[in-house]
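*Asks:* Provided below are the primary sequence and the corresponding predicted coordinates.
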Amino acid sequence: MRMIRTAWVVLSASALVSSAWDYEGHRIVNQLALASLPTNFPAFVRQAETAERIAFLAGEPDRWRNSISPTFKHSHAPDHFLDLDDLPLHGLTPKTVSPFRYDFTAQLKLARDRAPDKFPPIDPAKNSDHSRDLVGFLPWAINEYYGKLESAFSYLKTFEQHGGTPMEVANARQNVAYLMGVMGHFAGDAAQPLHTTKHFNGWVGANPNRYSTNRTIHSWIDGGFIRKAELRVEELRPKVRGARALTVNEARGGDMFDESLAFVEAQFKLVERTYQLDRAGKLSPGKGDVTEGREFIGGQLLQGGQFLGDLWLTAWQKARVDTYLRGELSRRKTP
């Protein structure tokens, strides 16, 4: 369980909220994903204006946080993280969580109802958005955006191949670019190890390894280190491998939940590594050699970009012609 994260670090007596990679980092992830795409991927995404829009949209979900609406925050903010180490408290594991968002929410609620004494009380005055009892929905968000993108590619293919007007094709392409850009934010979030843990902003609880409890470590990794260490997309782009199609779950209609959760789990294994680098001063430019820290953070940005490129490629390859829309377009041609 955690408090909602926002794009800026805000310290108070009762809460700290933070975000994954600042805009610069999220932008790098989207740019690396674009660099990973094969030459036969739809060429319009590489046009300068579209590529810039996809890069710009990497920051869009953080911009939504300027809203003060509690209901909007409730529906959006938990999409940026998943505290895997809080699942056991609910009697859950990555293998037992439901891939269906609302069923998973029910799993969390049932666990609290069965053993309310296991969970700290929630102060209603500090829970206006009703999110304090949530552990995050990051892989669900990635999977759902994947579904939206596959659908957008589906109707784009249909308009292109079966008589859509130039304006319909142009609008469909704009929708594809929008979804590619926005979903990139969540792939980027998943590549930041501190978005997978209750230790998201300083180590909590027993701390035999003397990891940092500093409540600014998250924001430092998200943006401060990237800026201070001068990590640039030009440095990382040559290291990008070509995008690869991922394995979809055919039993659930071809969704990407299993792959998304597996990616989050892989980054969770790097939480202690992140704190070890911090403890050793490898994330402190100006105080020593940060070569190892640069390689680690750059590697995580690269991981996010490559995962995102894989998602984009898979959505495009799996998208089928929309048979209903094809029929409508055919009837439109008939006198």
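*Replies:* Looks like it came in fine.

*Asks:* Skip the chain neighbours and tell me the closest residue to Arg326.
*Replies:* His162 (4.9 Å; C-beta to C-beta, 6 or more residues apart in numbering). In short, each C-beta sits where N, CA and C put it, glycine included.

*Asks:* quick one: the one you found from Phe41, how far?
*Replies:* Using C-beta to C-beta, to the nearest Å, His162 is found at 21 Å from Phe41.

*Asks:* Ok, Glu250 next?
*Replies:* 23 Å.

*Asks:* And Asn249, its phi and psi?
*Replies:* phi -90, psi 100 (degrees, to the nearest 10).

*Asks:* what stretches of this protein score poorly on pLDDT?
*Replies:* 1-19, 335 (pLDDT under 70).

*Asks:* after whichever strand or helix holds Ala170, next one along is what?
*Replies:* Using DSSP states H and E, Ala170 maps to helix 166-190. Sequence-wise, the next helix or strand downstream of helix 166-190 (DSSP H and E) is helix 217-219.

*Asks:* all helices of the stretch 1-150 of the chain, in order?
*Replies:* 23-36, 48-56, 60-63, 70-76, 101-114, 138-161 (DSSP state H, counting those that start in this stretch).

*Asks:* So for Arg294, which of those sits nearest?
*Replies:* helix 23-36 (13.1 Å; C-beta to C-beta).

*Asks:* so that closest one versus helix 166-190, what angle?
*Replies:* Here helix 23-36 runs at an angle of 120 degrees relative to helix 166-190 (axes from the mean of the first three to the mean of the last three C-alpha atoms, to 10 degrees).

*Asks:* Just the buried positions in the helix ranked longest in the chain, please.
*Replies:* With secondary structure taken from DSSP state H, the chain has its longest helix at helix 291-318. Buried positions in helix 291-318, judged by neighbour count with 16 or more other C-beta atoms under 10 Å: 293-294, 296-298, 300-316, 318.

*Asks:* again, but for stretch 228-236
*Replies:* Of the residues in stretch 228-236, 229, 231, 233, 236 count as buried by neighbour count, 16+ other C-beta under 10 Å.

*Asks:* Repeat that for stretch 318-330.
*Replies:* 318-319, 322, 325-326, 329.

*Asks:* Over to stretch 43-59?
*Replies:* In stretch 43-59, counting by 16+ other C-beta under 10 Å, buried: 44-45, 50-51, 53-55, 57-59.

*Asks:* ok, which pair from those residues is furthest apart?
*Replies:* Phe44 and Gly59 (21.6 Å).

*Asks:* and Ala33, how far is that from Tyr23?
*Replies:* 16 Å.

*Asks:* which one of these two has more residues nearby?
*Replies:* Ala33 (30 against 19; other C-beta atoms under 10 Å).

*Asks:* gap between that one and Val240?
*Replies:* 8 Å.

*Asks:* which residues do the two both contact?
*Replies:* 305-306, 309 (C-beta atoms under 8 Å, 6 or more residues apart in numbering).

*Asks:* residues contacting Gly164?
*Replies:* Contacts of Gly164 by C-beta under 8 Å, 6+ apart are 158, 172, 329.
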